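*Asks:* okay, sequence plus prediction incoming.
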Amino acid sequence: MASVIFDLDGTLVDSLPDIHAAVNRMLATEGQYEMDRETVQSFVGNGLPKLVERVMAARRIAPVEFERLHAGILADYETRSAEFSVVYPGVRAALEWLQADGMRLGVCTNKPKGPAVHLLTEMGLADLFEVVVGGDSTREKKPHPLPLTTAIEALGEGAVLYVGDSEIDAAAAAAVPVEFALFTKGYRKVPVAEIPHLVSFDYFQKLPDIVRKALS
Ligand SMILES: O=C(O)COP(=O)(O)O
Ligand SMILES: [Mg+2]
């Protein structure tokens, strides 16, 4: 049976508003002024610990504060990852179509598993996925292939397509290797032309057709 595995932030859900808000709540506890959304977006992609490190470096917060700040934002974000986020248009319908067509669906994200599952649940998408691999589910994060191979193993034998929004996702897919579809409306940091991909798309209505062709 074929599987389609999805990245989460910037692919299924426009989750930056809640990441941005969580960063600013963390900064507020340190007496720091707010950070703009574009800057926070540029720090997203390599998981929550890296985001905290990047925010701390930008604000010259001493590295010794890392464990405390990371634990604090994780506890906060765990239950507040879905206050302002929105599912990209057409996602639910595309996923239901794929499932009805016999595909097994999974998520492989660098977001920690707790807030990832909370977000998927609040967005009404959690029931569609047989596996969710988070950034803290394995000892490596994307672009290392381990999270993706872990998701693939959980879904079982068959062709696999990974769908993501960034150069990190493309690198993870290439490292496995599996085919990669690039969603162009997310948080990538480099031009589409510089990201290796089988196919790119900007709207989820196009996905069923893309999957049919890619996995046939
Ligand atoms: O948490 C991040 O930094 C990115 O998450 P993603 O892998 O779902 O895009
Ligand atoms: Mg992403």
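*Replies:* Everything's here; your move. Ligands and ions are numbered 1, 2, ... in the order given.
*Asks:* in which helix or strand would I find Gly72?
*Replies:* helix 66-78 (DSSP states H and E).
*Asks:* pLDDT of whichever helix or strand comes after that helix, averaged?
*Replies:* Going down the chain from helix 66-78, the next helix or strand is strand 86-87, by DSSP H and E. Regarding strand 86-87, the rounded mean pLDDT is 98.
*Asks:* for strand 86-87, which helices and strands make contact with it?
*Replies:* Packed against strand 86-87, as judged by 3 or more C-beta pairs under 8 Å, 6 or more residues apart in numbering; DSSP states H and E, are the following elements: strand 13-14. Bear in mind the C-beta positions are built from the backbone N, C-alpha and C, glycine included.
*Asks:* who are the packing partners of the next helix or strand after the strand it packs on?
*Replies:* Moving toward the C-terminus from strand 13-14, the next helix or strand (DSSP H and E) is helix 16-29. If you count contacts as 3+ C-beta pairs under 8 Å, 6+ apart, helix 16-29 packs onto helix 37-43, helix 48-58, helix 66-78.
*Asks:* helix 16-29 relative to helix 66-78, how many degrees between them?
*Replies:* Angle, helix 16-29 to helix 66-78, by axes from the mean of the first three to the mean of the last three C-alpha atoms, to 10 degrees: 130 degrees.
*Asks:* most tightly surrounded among the helices and strands packed on helix 16-29?
*Replies:* helix 48-58 (a mean of 18; mean count of other C-beta atoms under 10 Å).
*Asks:* Phe204 - how many residues pack around it?
*Replies:* Neighbourhood size, Phe204 [other C-beta atoms under 10 Å]: 23.
*Asks:* now do it against ligand 2, distance only.
*Replies:* 15 Å (C-beta to the ion, to the nearest Å).
*Asks:* any chance of the helices and strands packed on helix 16-29 in JSON lines, plus mean pLDDT and distance to ligand 2?
*Replies:* Below are the helices and strands packed on helix 16-29 laid out as JSON lines (pLDDT from 0 to 100; distance: least, C-beta to the ion, whole Å):
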{"stretch": "helix 37-43", "mean pLDDT": "98", "distance to ligand 2": "11"}
{"stretch": "helix 48-58", "mean pLDDT": "98", "distance to ligand 2": "12"}
{"stretch": "helix 66-78", "mean pLDDT": "98", "distance to ligand 2": "16"}
